[in-house]
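sequence unknown, structure follows:
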């Protein structure tokens, strides 16, 4: 069993998120990708974030019809600030599958800021990491991102084109089709009365309109 965990604020989920998820599913031959929206993202504690209920409903609408995509409200039910290390520990503890390979999916910008995350060293040793990169991305080297001491513990293996960590898990960098879409752009276009057609799935566009989201 190979599962991907795809976290984020998803405010709202858009075509870029979904396209990246499809490609990561194919690249790593995953059985499932679980979308895990943050309830209280630690890097956005003072930001105005749409209620979890609305973000959940939009994700469910967006992934409906794709049996390889699923949803988890673990970061809502757990309460408190949403820390990825606690989410990964929860998934591993809950399912306890001997043959489960877990892939934590994130973008290159988020990975470059990984040292600002809670218990980031522990997190990197819990499961595989799949870093999505833009075309033309140049790997700066793990030592520059993770620091000399910790970065040196990950050794590159040409056979898998990944870095093997001390717990046996792998850290991958894989290019995906990055559509230059940001949730903030979607929100601003709605606020300004502009069309968001083809930036989000039609079901999401209708949901946003019906619930009067992202307007003053």
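Ah, there it is. Keep in mind that this is a model prediction, so the values were computed, not measured. Numbering: from 1, shown residues only.

Identify the residues contacting stretch 209-216?
12, 50, 54, 186, 187, 190, 191, 207, 208 (C-beta atoms under 8 Å, 6 or more residues apart in numbering). Where you see a C-beta, it was placed from the backbone N, CA and C, and this is true even at glycine.

for the host helix or strand of the third one, packing partners?
Under DSSP states H and E, the secondary-structure element containing residue 54 is helix 52-63. With contacts defined as 3 or more C-beta pairs under 8 Å, 6 or more residues apart in numbering; DSSP states H and E, the packing partners of helix 52-63 are helix 15-27, strand 32-37, strand 69-71, helix 202-210.

Buried residues, that helix. List them.
52, 54, 55, 56, 57, 58, 59, 60, 61, 62, 63 (16 or more other C-beta atoms under 10 Å).

picking up where we left off before, residue 154 is nearest to which of the helices and strands packed on helix 52-63?
Each of the helices and strands packed on helix 52-63 has some distance to residue 154 by C-beta to C-beta; the shortest is helix 15-27, at 19.4 Å.

So residue 130 belongs to a helix, correct?
No: the assignment for residue 130 (DSSP: H, G, I helix; E, B strand; the rest coil) gives strand, which keeps it out of a helix.

Verify the contact between it and residue 104 for me.
Yes: Residue 130 is in contact with residue 104 according to C-beta atoms under 8 Å; the separation is 6.9 Å.

Spell out which residues are contacts of both of those two.
Counting by C-beta under 8 Å, 6+ apart, the shared contacts of residue 130 and residue 104 are residue 4.

re the thing from before, now rank the contacts of stretch 209-216 by neighbours and give me the top one.
Highest neighbour count within those: residue 12, with 28 neighbours (other C-beta atoms under 10 Å).

nearest residue to that residue other than its sequence neighbours?
residue 58 (5.0 Å; C-beta to C-beta, 6 or more residues apart in numbering).

OK, contacts around the one you found?
Per C-beta under 8 Å, 6+ apart, neighbours of residue 58: 10, 12, 13, 204, 207, 208.

From these, pick the one nearest residue 198.
Distances from residue 198 to these, taken by C-beta to C-beta, are shortest for residue 204, at 11.3 Å.

And residue 156, its phi and psi?
Backbone torsions of residue 156, given as degrees, to the nearest 10, read phi -70, psi 130.

Was I right to think it contacts residue 165?
No: at 11.3 Å, residue 156 does not count as touching residue 165 under the criterion of C-beta under 8 Å.

higher neighbour count, these two?
Neighbour count, other C-beta under 10 Å: between residue 156 and residue 165, residue 165 has more, with 20 against 13.

how near is that one to residue 149?
Per C-beta to C-beta, to the nearest Å, residue 165 is found 13 Å from residue 149.

again, but for residue 49
From residue 49 over to residue 149 the distance is 35 Å, taken as C-beta to C-beta.

If you count surrounding residues, which of those two has more?
Using other C-beta under 10 Å as the criterion, residue 49 and residue 149 rank with residue 49 on top: 16 against 9.

The chain: strands as residue ranges?
Remark: strands assigned in the chain by DSSP state E are 2-8, 32-37, 69-71, 101-107, 128-133, 155-157, 162-164, 170-175.

The fifth one versus strand 101-107: what angle between them?
For the pair strand 128-133 and strand 101-107, the angle between their directions (axes from the mean of the first three to the mean of the last three C-alpha atoms, to 10 degrees) equals 30 degrees.
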